[in-house]
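J.: sequence first, then the predicted structure, then my questions.
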Amino acid sequence: MTDAFVLDYVRTPRGRASARGALHEHSPVDLVVHLAKALQGRTNLAAEQIDDVVLGCASQVDEQGANIARTAALLAGWGDSVPGATLNRFCASGVDAVGQSAARTAGGDINMNPRLRLAIDKAKAANMPADNIKRNVDKATGNLEGVSYEEIRYEGYGIGGAAIIVDTMTDNRVRTVAEVRHAFSKHGGNLGTEGSVAFQFKNCGQLIFAPGTNEDKVMEVALEAGAEDVITDDDGAIEVLSAPSDFEAVKNALEAAGLTPEVAEVTMRPENTIALSGDDAARMQKLLDVLEDLDDVQNVFHNAEISE
């Protein structure tokens, strides 16, 4: 098992986001280069000791639209052997960059990587072949020789204005955005801008139990373990919601009590749904199927309530 430690950290100065701001004359890449050089000087790391650069960028538009982590590494004088990846998770971009780096340091050790453990559990439940699971683990942990992957989230609209979030992992963002945009446009949707629909979802842990499960027991165990809410649906199914960071603890506590969920995942749960039926429902399902079938797509979230 490999442990991950934070050795040092720095941040850019802050200024007003306008033409009169103190940092107006400095490009985003300039600021990142300054950080890179400062970290290298403070830690006495040689360029050949740097395995990768992972940068969180909350708004990848205009001058920030490219892979500025890679560009900054080159401009910092680290040579073309140091790769770079830029991640966009909105306000959580920096935290996610640290988290993914730590997960890659831990490698394929599922005991050190809850997110990876959950992904493997879901793959096994879907009867995914072992070779496919290993290949995807190597992809997620950066163990594929000469390939650097980054996570990118796209937002858009489906049939009837339904909101869609598409999470991808790619080694070629130009290819991926072209494929996602084509899927939306060909099947009646529209690719939106950053932040256009994300506010309609809540990032949370979700566990769903079949109708007939002991509601009182689920509620007692879940709330004691740190769940935020327990909801009984009209059909009798029981839904347990938690903060993403508490998901593992809540899931383990429920399973230890003999309560096995039919669904257990960290997801983007819609705050409200849009009902679709008939032809609209069929078209929406087709769009979702096409998006999910794209090679670079990891997850698709939506707020459509599709009637059969």
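T.: Received the coordinates, thanks. Residues are numbered from 1 along each chain as shown.

J.: what sits closest to S185 if chain neighbours are left out?
T.: L191 (7.4 Å; Cβ to Cβ, 6 or more residues apart in numbering). Any C-beta I mention is one placed from the backbone N, CA and C, and that applies to glycine too.

J.: show me what the one you found is bridged to.
T.: Per DSSP bridges, the residues bridged to L191 are G156.

J.: show me the contacts for it.
T.: Y154, E155, G156, V180, R181, F184, S185 (Cβ atoms under 8 Å, 6 or more residues apart in numbering).

J.: how about a cut-off of 6 Å?
T.: Residues in contact with L191 (Cβ atoms under 6 Å, 6 or more residues apart in numbering) are G156, R181, F184.

J.: against L87, how distant is it?
T.: 19 Å (Cβ to Cβ, to the nearest Å).

J.: most neighbours among the contacts of L191, please name it.
T.: Within these, most neighbours by other Cβ atoms under 10 Å means G156, with 24 neighbours.

J.: so who does that one touch?
T.: Counting by Cβ under 6 Å, 6+ apart, G156 has contacts I164, F184, G189, N190, L191, G192.

J.: then N88?
T.: Applying Cβ under 6 Å, 6+ apart, the residues near N88 are C57, Q60.

J.: let's see that with 10 Å instead.
T.: Going by Cβ atoms under 10 Å, 6 or more residues apart in numbering, N88 touches 55-61, 64, 96-97, 150-154, 194.

J.: in the stretch 201-308 of the chain, which spans are strands?
T.: For the stretch 201-308 of the chain, the strands defined by DSSP state E, counting those that start in this stretch occupy 201-209, 229-232, 238-242, 263-270, 274-276, 297-302, 304-306.

J.: buried residues in the last one?
T.: So that's strand 304-306. By neighbour count on 16 or more other Cβ atoms under 10 Å, the buried set for strand 304-306 is A304, I306.

J.: who are the packing partners of that strand?
T.: With contacts taken as 3 or more Cβ pairs under 10 Å, 6 or more residues apart in numbering; DSSP states H and E, strand 304-306 sits against strand 274-276, helix 278-293.

J.: got the phi/psi numbers for the closest residue to T71 other than its chain neighbours?
T.: Nearest residue to T71 in three dimensions, chain neighbours excluded: V29, at 5.3 Å (Cβ to Cβ, 6+ apart). Main-chain torsions, V29, degrees, to the nearest 10: phi -60, psi -40.
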